[in-house]
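In: Kindly generate the corresponding structure for this input.
(one chain, ligands or ions: 3)
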Amino acid sequence: MAYEIDSILLTEEQLKQKVEEIGAQIRQDFQDEPIVLIIVLKGAFVFAADLIRELKGKVTVDFVMASSYGRQTVTTGKVRLLKDIDVNITGKNVVLVEDIIDSGLTLNFLKEHFQLHKPKSLKICTLLDKPERRKVDLKADYVGFVIPDKFIIGYGIDYAELYRNLPYIATVKEV
Ligand SMILES: O=P(O)(O)OC[C@H]1O[C@H](OP(=O)(O)OP(=O)(O)O)[C@H](O)[C@@H]1O
Ligand code: HPA
Ligand SMILES: [Mg+2]
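Out: Ligands and ions are numbered 1, 2, ... in the order given. Predicted coordinates:
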């Protein structure tokens, strides 16, 4: 199946403003306490790069890499953990940073995985939430935009590894 950009769903301006809001909200919730951000690669790298610069105070960053879509627009149902974190998160305030929650399988897997480390708190922050497609009961603590059931690309999010470099978020159409 081939896809191309259909229409812009979220502009650069909308994204920028929302990232500022989420950053302020997170800092407000944790006050002066240090935060460990765990960024879920690859998709969340653009969002996280903007978000981290909105967070004042003590912030540590680490990365986890998970993949379950490949060249498809629906989940394979199998989450592969390609890289785990290096920092110690036991007793820490942890925020998992994702680009999108779709079926919920990726974050459900990662949440359980990181709970085993016994963090002080474990919150989920996602730029986009597509609740209509949920396969597991999973809710985020910080949500940028709730979006309709359409496959989207841009701002770090790919189709078959392309389009991550778009500065906006768009829907795709089959051609
Ligand atoms: O809620 P889900 O149905 O699990 O979908 C969400 C996940 O899917 C995408 O990652 P993908 O597996 O495509 O890997 P990528 O981040 O490297 O693009 C996206 O970045 C999320 O991590
Ligand atoms: O809508 C999407 N687009 C790209 N990757 C994704 N992974 C889950 N949902 C999506
Ligand atoms: Mg992806």
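In: mind listing the strands for the protein?
Out: 3-10, 35-41, 59-67, 80-83, 93-101, 121-129, 142-146, 152-153, 169-174 (DSSP state E).
In: how about the ones you listed in CSV, adding distance to ligand 2, mean pLDDT and mean neighbour count?
Out: Just so you know, the C-beta spots here come from the backbone N, C-alpha and C atoms, and that holds for glycine as well. Output for the strands of the chain, formatted as CSV (distance: least, Cβ to the nearest ligand atom, whole Å; pLDDT from 0 to 100; neighbours: other Cβ atoms under 10 Å):
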stretch, distance to ligand 2, mean pLDDT, mean neighbour count
strand 3-10, 10, 95, 15
strand 35-41, 11, 98, 22
strand 59-67, 10, 96, 17
strand 80-83, 14, 95, 12
strand 93-101, 5, 98, 24
strand 121-129, 8, 98, 22
strand 142-146, 12, 98, 17
strand 152-153, 4, 97, 23
strand 169-174, 8, 94, 18
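In: Adding distance to Leu51, write those strands out as JSON lines.
Out: Listed next are the strands of the chain as JSON lines, based on distance: least, Cβ to Cβ, whole Å:
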{"stretch": "strand 3-10", "distance to Leu51": "15"}
{"stretch": "strand 35-41", "distance to Leu51": "8"}
{"stretch": "strand 59-67", "distance to Leu51": "10"}
{"stretch": "strand 80-83", "distance to Leu51": "20"}
{"stretch": "strand 93-101", "distance to Leu51": "7"}
{"stretch": "strand 121-129", "distance to Leu51": "8"}
{"stretch": "strand 142-146", "distance to Leu51": "10"}
{"stretch": "strand 152-153", "distance to Leu51": "18"}
{"stretch": "strand 169-174", "distance to Leu51": "15"}
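In: need the residues of this protein near ligand 3, please.
Out: Gly43, Tyr69, Asp158 (Cβ under 5 Å from the ion).
In: quick one: which of these is nearest Leu107?
Out: Lowest distance from Leu107 to the residues of the chain next to ligand 3 (Cβ to Cβ) belongs to Gly43, with 11.6 Å.
In: residues contacting the closest one?
Out: Gly43 is in contact with Glu98, Asp99, Ile100, Gly156, Ile157, Asp158, Arg164, counting by Cβ atoms under 8 Å, 6 or more residues apart in numbering.
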